[in-house]
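K.L.:
below is the sequence, then the predicted model.
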Amino acid sequence: MTLAPGTPAPDVFSPGRIGNVTLRNRIVKAATFEGRCPEGRVTDELIEFHAEYARGGVGMTTVAYLATSPEGRTDRHQYHWGMDDGGMLRKLTDAVHAEGAAVSAQVGHAGAVANSSSNKMPAMGPSRMPAPTGMSLTKACTEADIDRIVGDHVRAAKGAHNAGFDAIEVHFGHNYLVSEFLSPKLNKRKDSYGGSLENRARFARRIGRAIRDEMGDKIAVTMKLNMDDGVPGGFWIDEAVQVARWIEADGSADALVMTVGSSLLNPIYLFKGDAPLHEFAATQPPAIRMGMKVVGAKMFKEYPYTDAYMLDDARQIRDAVSLPMMLLGGIVDRPSIDKAMNAGFEFVAMGRGLLREPDLPLKLQADERRRSLCVHCNRCMATIYSGSRCVLRDYVPPIPARG
């Protein structure tokens, strides 16, 4: 809900509350895949990656991407909640807490974005569709698959709570599995999970209610929901408004994070700025690299960058619900933060700006004129399998190359 006339906006450096968790300030490190779990093992490098953001002043950092299911990983170098982490996730949450920040686990199922070749398991989708990274077709989810994956989300929430996470971010965006169900372009089902928006949203709502029924208020629950897939015929803002209203009515979320784009069909739509096609292609296996030479320019379209670029669309959700909301996308300085706060958003989420400068919150607090050094070249995207980082920073973490 937008601020009433005369109501002062909160200061971003004041404490903020999500569910049962109080953050020391209202800046959240957005989930950006770290590439620091070789063969799915949680590493000291992953722990230090997030501890650095905590030292840098964020209110909460988000660990991404912790898959709910083994076939739901984007590739095998990723943790899923059926694995034994050897106590390393507890070590991670303890390290973040020791620096004064809260920590969230992003949980979800990659659907057709999963790499079936790497995972040695079929990728899943609402319908049969291409799964490009595994050069295969998805397996259409049966109702038994849907039931299992709902249960896997609950298992993930319980696992996150037991490992000391303060919150989970349930991933309903970017044309990962649940977002694929929401999309009229990708969901061609004829049963109770396809067709009408109510049917296409059934999977998402079941997941949210199941987590809430099991966990109550033991762990804060945020939900990342697409506003716009960025492709013709995809999920769009008018449907996102209604789904957000249903989520609020269900009581399944403590906060919403709105996002855009499709990792499957239009990835740069989320990021805006440059499209690092050649750098990204160089990280892929030869067959995919060859395919990107043919279709890469169509898939990696460039969109002009502007500060706070999701604000206008996200305001439509903000006007429709009373849940706390985070604004993501182009949050780089105090003016962009203050725009969000004045528009009724309780939190802001930063991704690339923090990859460039993990201590950006402390710098902004010390100097209101300070601006992120991120130039939105998006070459960080090409580092996700070798240890996500800003290529303009000096150090390169010692992470095994993608195999």
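P.N.:
Okay, I see it. Numbering: from 1, shown residues only.

K.L.:
wait, is residue 245 part of a helix?
P.N.:
Yes: counting by DSSP: H, G, I helix; E, B strand; the rest coil, residue 245 is part of a helix.

K.L.:
which residues does it contact?
P.N.:
320, 321 (Cβ atoms under 8 Å, 6 or more residues apart in numbering). Backbone N, C-alpha and C define where each C-beta goes, glycine included.

K.L.:
what of residue 184?
P.N.:
200, 233, 234, 235.

K.L.:
neighbours of the third one, just the number please.
P.N.:
Right, the one you point to is residue 234. 21 (other Cβ atoms under 10 Å).

K.L.:
cool, and the first one?
P.N.:
Neighbours of residue 200 under the rule other Cβ under 10 Å: 24.

K.L.:
list the residues that contact it.
P.N.:
Residue 200 neighbours (Cβ under 8 Å, 6+ apart): 181, 182, 183, 184, 187, 193, 194.

K.L.:
neighbours of the fifth one, how many?
P.N.:
Using other Cβ under 10 Å, residue 187 is surrounded by 21 other residues.

K.L.:
what do you get for the second one?
P.N.:
Burial measure for residue 182: 27 neighbouring residues, criterion other Cβ under 10 Å.

K.L.:
do the last one as well
P.N.:
If you count neighbours by other Cβ under 10 Å, residue 194 ends up with 16.

K.L.:
not counting sequence-adjacent ones, nearest residue to it?
P.N.:
In this structure, residue 194 finds its nearest non-sequential neighbour in residue 187, 5.1 Å apart by Cβ to Cβ, 6 or more residues apart in numbering.

K.L.:
ok, residue 308 - contacts?
P.N.:
By Cβ under 8 Å, 6+ apart, the neighbours of residue 308 are 327, 329, 330, 331, 336, 339, 340.

K.L.:
restricted to helices, list those.
P.N.:
Per DSSP state H, helices hold the following members of the contacts of residue 308: 336, 339, 340.

K.L.:
mind putting those in a markdown table, distance to residue 385, pLDDT and neighbour count included?
P.N.:
Below are those laid out as a markdown table (distance: Cβ to Cβ, whole Å; pLDDT from 0 to 100; neighbours: other Cβ atoms under 10 Å):
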| residue | distance to residue 385 | pLDDT | neighbour count |
| --- | --- | --- | --- |
| 336 | 30 | 98 | 22 |
| 339 | 34 | 97 | 18 |
| 340 | 32 | 98 | 28 |
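
K.L.:
these two touch, right, residue 199 and residue 192?
P.N.:
Yes: using Cβ atoms under 8 Å as the test, residue 199 is close enough to residue 192 to be in contact (5.6 Å).

K.L.:
name the residue in those two with the higher neighbour count.
P.N.:
Neighbour comparison, residue 199 and residue 192: the larger count goes to residue 199, with 16 against 12 (by other Cβ under 10 Å).

K.L.:
helix, strand or coil for that one?
P.N.:
helix.

K.L.:
helices or strands next to whatever helix or strand residue 46 lives in in the packing?
P.N.:
Following DSSP states H and E, one finds residue 46 within helix 44-55. Where contact means 3 or more Cβ pairs under 8 Å, 6 or more residues apart in numbering; DSSP states H and E, helix 44-55 is packed against strand 60-67, helix 88-98.
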